[in-house]
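Chemist: Sequence below, structure please.
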Amino acid sequence: MLDLKNYKVILASKSPRRQQLLKGMDIDFDVLVKDVDESFPNSLKGKDIALMLSERKAMAFAADELPENFLLITADTIVLVDDDVLNKPADSHEAFNMLKTLSGREHNVVTAVTLRTDKQLRSFFELSAVRFGALSDEEIVWYVHRYMPLDKAGAYGIQEWIGYVAIASVKGSFFNVMGLPTHRLFMELKKFAGTEV
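Modeler: Residues are numbered from 1 along each chain as shown. Purely as a prediction, here's the structure:
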């Protein structure tokens, strides 16, 4: 069991998937969210984008906005096709184009996580390689209109219909693709709890 009794755990994420995953780890937490600018300079590449955004979300809170003995968890997930970043689509048309790009090929999903207390800040990331099978235009249109994946990087949720029928393989953490690398997070939280050196 993970002993975090010395901390008030705060998840700074509106994502229902991240909330579901943290609950699945049997961690008691509250949700506290701030709107954060998610733009990034063109000079940043790959994992550095996710790490910067995760840390920006963590530092958006002043210490007096957080409870005593807080342990703040923030995260950011990006989808990478070659060197191109697929963020959350602006509309259904952009979602269709993203999925058309992903169809029949492999891409990387990077999730960065930041843990912040009043004494330290630690960030890490996990990368998962996801291979899509080929999708017809009709299948993409059906998925986009039925599930409206506009709140998801890369315009898809692996836990939805498209994950069941179109994802041929995942190398790395499945839950990382959902938005939280649970195994790595568990190991990092053990260090915070003092149960592992």
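Chemist: going forward, measure contacts and count neighbours with C-alpha atoms only.
Modeler: Fine.
Chemist: average model confidence for stretch 8-28?
Modeler: Stretch 8-28 carries an average pLDDT of 95.
Chemist: How about stretch 82-99?
Modeler: On average, the pLDDT along stretch 82-99 is 94.
Chemist: Same check on stretch 41-51?
Modeler: 88.
Chemist: Stretch 140-156 now?
Modeler: On average, stretch 140-156 scores 96.
Chemist: so where does the residue of the chain positioned farthest from its centre fall, helix or strand?
Modeler: Residue farthest from the centre of the chain, counting by Cα atoms, centre = their mean, is Glu138 at 27.9 Å. Under the criterion of DSSP states H and E, Glu138 resides in helix 137-147.
Chemist: other SSEs contacting that helix?
Modeler: Applying 3 or more Cα pairs under 8 Å, 6 or more residues apart in numbering; DSSP states H and E, one finds that helix 137-147 contacts helix 92-102.
Chemist: Give the next helix or strand downstream of the helix it packs on.
Modeler: That would be, after helix 92-102 and using DSSP H and E, strand 106-116.
Chemist: Name the strands paired with that following strand and say parallel or antiparallel.
Modeler: strand 70-81 (antiparallel), strand 121-132 (antiparallel) (DSSP bridges).
Chemist: Pull the number of nearby residues for Phe70.
Modeler: 16 (other Cα atoms under 10 Å).
Chemist: follow-up on the earlier one: from Gly157, how far off is the residue farthest from the centre of the chain?
Modeler: Here Glu138 is placed at a distance of 18 Å from Gly157 (Cα to Cα, to the nearest Å).
Chemist: ok so, going back, could the strands paired with strand 106-116 be laid out in JSON lines, adding distance to Val170?
Modeler: Shown next, in JSON lines, are the strands paired with strand 106-116 (distance: least, Cα to Cα, whole Å):
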{"stretch": "strand 70-81", "distance to Val170": "14"}
{"stretch": "strand 121-132", "distance to Val170": "5"}
